[in-house]
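>>> Quick one: sequence plus predicted model below, questions after.
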Amino acid sequence: MSKTAHQTLWQLKGLKTTCGPFEPGRSFDESSSRSGVGATPRRGPPPTPVGDAVTARIHLSPPDVGPLEESFVIAAVRSGWIAPLGPEVDAFEQETAARVDRAYGLATNSGTAALHLSLLALGIGPGDRVVVPTLTFAATANAVVYTGAEPVFVDCEAGTGNLDVPLVADLLRRHDIEGRQVAAVVPVDMFGSCVDYDALLPICEQAGVPVVEDAAEALGATRGARPAGTFGQASAFSFNGNKILTTSGGGMLLSDDGDLIAHARYLATQARQPVAHYEHTDIGYNYRLSNLLAAVGRAQLRRLDSMIERRRAHRSRYAELFANVPGVRLLAAEDGGANCWLTTVVVDAGQAGWHAADLGAHLAAADIETRPVWKPMHLQPVFAGARAVLTGAAQTLFENGLTLPSGSAMTADQVDRVCGRIRDFLRHRPSTRLEVPEPGRRHDPEPASAAVPAL
Ligand SMILES: *Cc1c(COP(=O)(O)O)cnc(C)c1O
């Protein structure tokens with residue numbers, strides 16, 4: 001497929017990923033040598049040239065895969081463990097669980113599958129209500145809907161984009177009064193910054209409501225002394241191509257509860273009873289990760305710290321760049337435990353004199369990818385009429401946020417190019433105040449729905 005066709009398909013499918021396609025014809029060695037990671041000597045033919053480095057498109061968060069991953073995959077292929085489970089899967093589960101200090105891991109073929117399984121394993125189903133942040137990627141809410149339960153959307157903190165914990169506390173209290181139960185809370189560690197679990201967990205515990213941490217973006221992040229992925233009864237990572245660690249596609253469910261993991265493992269493996277003729281007493285799923293992809297994950301895990309360091313360094317560059325720009329802040333700027341998966345600027349156009357979308361357009365003209373913050377779930381047509389507890393914070397971030405190139409494979413030259421282009425933009429913007437932006441100027445969101453039913 002030509003690059004253009006590939007990109008068109010990418011756009012047509014409206015894919016969720018924030019990464020660009022892995023360029024066909026681009027060798028693994030090349031991407032890694034550019035990123036300065038993994039300098040094992042290359043075997044085989046020399047790398048294919050990929051055009052002028054000055055003009056090559058800079059993506060938001062492309063995969064960072066090099067010779068180490070290549071050697072792990074080759075070893076897995078040569079081992080003969082192709083069909084689909086094998087020792088790489090077991091080792092990847094153990095190594096990931098050990099890395100984040102969880103007792104058990106279950107590797108899945110996506111983060112969404114891990115979320116779905118965690119909810120099933122907690123017994124969530126039709127008639128249940130599950131609290132989900134309205135500011136998240138759709139997969140969090142979709143996993144709830146797959147079980148037959150109903151998502152209840154809750155707004156976020158303006159500073160971090162993470163779940164607004166006092167709103168959750170209110171909601172649980174009100175439900176208690178009305179004699180209804182929230183069956184689970186699924187906080188999302190937004191862009192690699194952990195939720196305020198010190199506040200959230202005691203509230204949920206007191207209400208007897210289990211927590212599933214959607215840590216899809218947060219591998220390697222910490223809050224206090226605790227790693228992301230250790231909060232709540234279960235947690236889910238994503239290893240999609242755009243995430244901080246990728247297996248091309250994949251995910252993992254983690255828990256300290258051995259029975260929960262065993263049940264999830266059974267459901268993820270077609271719910272086969274352990275007899276030769278495959279007795280079935282439950283509806284199962286085909287959700288396991290393949291052995292070859294687990295091998296990629298094991299290599300990536302060995303590089304995780306250096307990949308996080310690079311993303312943190314990118315954030316520092318952006319922080320310096322915007323430090324004295326009026327009306328501009330970085331999302332979750334204060335979080336020293338963030339893995340810095342994506343760096344997002346939030347622009348108060350009234351103060352800055354320009355909109356986040358203006359900067360996005362300026363960078364797009366130089367073939368630099370940016371992306372708005374997610375459109376909140378309560379504004380999505382598919383969730384029209386869903387229950388929601390709103391303050392407007394998520395919508396404001398959607399309208400004023402812009403996510404900048406943050407990938408760990410981004411070279412120093414590329415970072416210079418992005419920063420130079422931003423500097424150029426800032427220099428030529430009028431510093432006079434704009435009128436306050438009309439909401440939805442860029443994304444045209446519907447007004448917060450009047451049809452949102454009372455709780
Ligand atoms: C990526 C992501 C998911 C889904 O992970 P997949 O591996 O793509 O299925 C879920 N939740 C959040 C917050 C994500 O960013």
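Arrived safely, thanks for sending. Numbering: from 1, shown residues only.
>>> For stretch 197-205, which residues meet the burial criterion?
Going by neighbour count (16 or more other C-beta atoms under 10 Å), the buried part of stretch 197-205 is 197, 200-201, 203-204. Quick note: C-beta positions are derived from backbone N, CA and C, even for glycine.
>>> Now that stretch - C-alpha only, PDB.
Only the C-alpha atoms of stretch 197-205 are listed here, as PDB (Å, rounded to 0.1, in the frame of the first residue of the first chain):
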ATOM      1  CA  TYR A 197      -6.000   8.000  44.300                       C
ATOM      2  CA  ASP A 198      -5.200   9.200  47.800                       C
ATOM      3  CA  ALA A 199      -8.600  10.900  47.700                       C
ATOM      4  CA  LEU A 200     -10.500   8.500  45.400                       C
ATOM      5  CA  LEU A 201      -9.700   5.100  46.900                       C
ATOM      6  CA  PRO A 202     -10.900   5.700  50.400                       C
ATOM      7  CA  ILE A 203     -14.200   7.100  49.100                       C
ATOM      8  CA  CYS A 204     -14.800   4.100  46.900                       C
ATOM      9  CA  GLU A 205     -13.700   1.700  49.600                       C
END
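>>> ok, and what's touching it?
The contact list for stretch 197-205, computed with C-beta atoms under 8 Å, 6 or more residues apart in numbering, reads 163, 165, 168-169, 172, 185, 187, 210-211, 223-224, 226, 231-232.
>>> buried subset of these?
Using 16+ other C-beta under 10 Å, the buried members of the contacts of stretch 197-205 are 163, 165, 168-169, 172, 185, 187, 210-211, 223, 226, 231-232.
>>> Tell me which entries of those lie within helices.
165, 168-169, 172 (DSSP state H).
>>> what's the closest of those to residue 285?
Among those, residue 168 lies closest to residue 285 (C-beta to C-beta), at 29.0 Å.
>>> Tell me who's in contact with that closest one.
Residue 168 neighbours (C-beta under 8 Å, 6+ apart): 131, 154, 185, 200, 203-204.
>>> Which single residue in the stretch 351-455 of the chain comes nearest to the ligand?
Closest contact between the stretch 351-455 of the chain and the ligand, by C-beta to the nearest ligand atom, is at residue 374 (8.7 Å).
>>> that's a helix at that residue, yeah?
No: secondary structure assignment places residue 374 outside any helix; it is coil (DSSP: H, G, I helix; E, B strand; the rest coil).
>>> thought it was touching residue 137?
Yes: contact status for residue 374 versus residue 137: in contact at 6.0 Å, counting by C-beta atoms under 8 Å.
>>> Overlap in contacts, those two.
Taking C-beta under 8 Å, 6+ apart as the contact rule, residue 374 and residue 137 touch no residue in common.
>>> hmm, back to that, tell me how far the residue of the stretch 351-455 of the chain closest to the ligand lies from residue 398.
When distance is defined by C-beta to C-beta, to the nearest Å, residue 374 is 7 Å away from residue 398.
>>> between these two, what contacts are shared?
Taking C-beta under 8 Å, 6+ apart as the contact rule, the neighbours common to residue 374 and residue 398 are residue 135.
>>> Going along the chain, name the strands of the stretch 151-300 of the chain.
Taking DSSP state E, counting those that start in this stretch as the test, the strands found in the stretch 151-300 of the chain are 182-185, 212-214, 222-223, 226-227, 234-238, 251-255.
>>> Now render those strands as TSV, adding distance to residue 283 and mean pLDDT.
Formatted as TSV, the entries for the strands of the stretch 151-300 of the chain read as follows, by distance: least, C-beta to C-beta, whole Å; pLDDT from 0 to 100:
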stretch	distance to residue 283	mean pLDDT
strand 182-185	19	96
strand 212-214	20	98
strand 222-223	36	98
strand 226-227	33	98
strand 234-238	20	98
strand 251-255	18	98
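>>> right, and these - which one's nearest the ligand?
Each of the strands of the stretch 151-300 of the chain was scored for nearness to the ligand using C-beta to the nearest ligand atom, and the closest is strand 234-238 (3.2 Å).
>>> hmm, that closest one touching the ligand?
Yes: under the criterion of C-beta under 6 Å from any ligand atom, strand 234-238 makes contact with the ligand via residue 238.
>>> if you look at stretch 385-398, does any of it touch the ligand?
No: applying C-beta under 6 Å from any ligand atom, one finds stretch 385-398 out of contact with the ligand, separated by at least 13.5 Å.
>>> what distance separates that stretch from the middle of the whole chain?
Relative to its chain's centre, stretch 385-398 lies at 19 Å (C-alpha atoms, centre = their mean, to the nearest Å).
>>> Only alpha carbons, please: show that stretch as PDB.
The C-alpha coordinates for stretch 385-398 follow below in PDB (Å, rounded to 0.1, in the frame of the first residue of the first chain):
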ATOM      1  CA  GLY A 385     -28.700  11.000  26.600                       C
ATOM      2  CA  ALA A 386     -26.200   9.200  28.900                       C
ATOM      3  CA  ARG A 387     -26.200  10.200  32.500                       C
ATOM      4  CA  ALA A 388     -23.500  12.800  33.300                       C
ATOM      5  CA  VAL A 389     -22.300  14.900  36.200                       C
ATOM      6  CA  LEU A 390     -20.700  18.000  34.600                       C
ATOM      7  CA  THR A 391     -18.800  21.200  35.500                       C
ATOM      8  CA  GLY A 392     -17.800  22.100  32.000                       C
ATOM      9  CA  ALA A 393     -14.100  21.400  32.700                       C
ATOM     10  CA  ALA A 394     -13.800  18.600  30.100                       C
ATOM     11  CA  GLN A 395     -15.400  20.700  27.400                       C
ATOM     12  CA  THR A 396     -13.100  23.600  28.200                       C
ATOM     13  CA  LEU A 397     -10.000  21.300  27.800                       C
ATOM     14  CA  PHE A 398     -11.500  19.900  24.600                       C
END
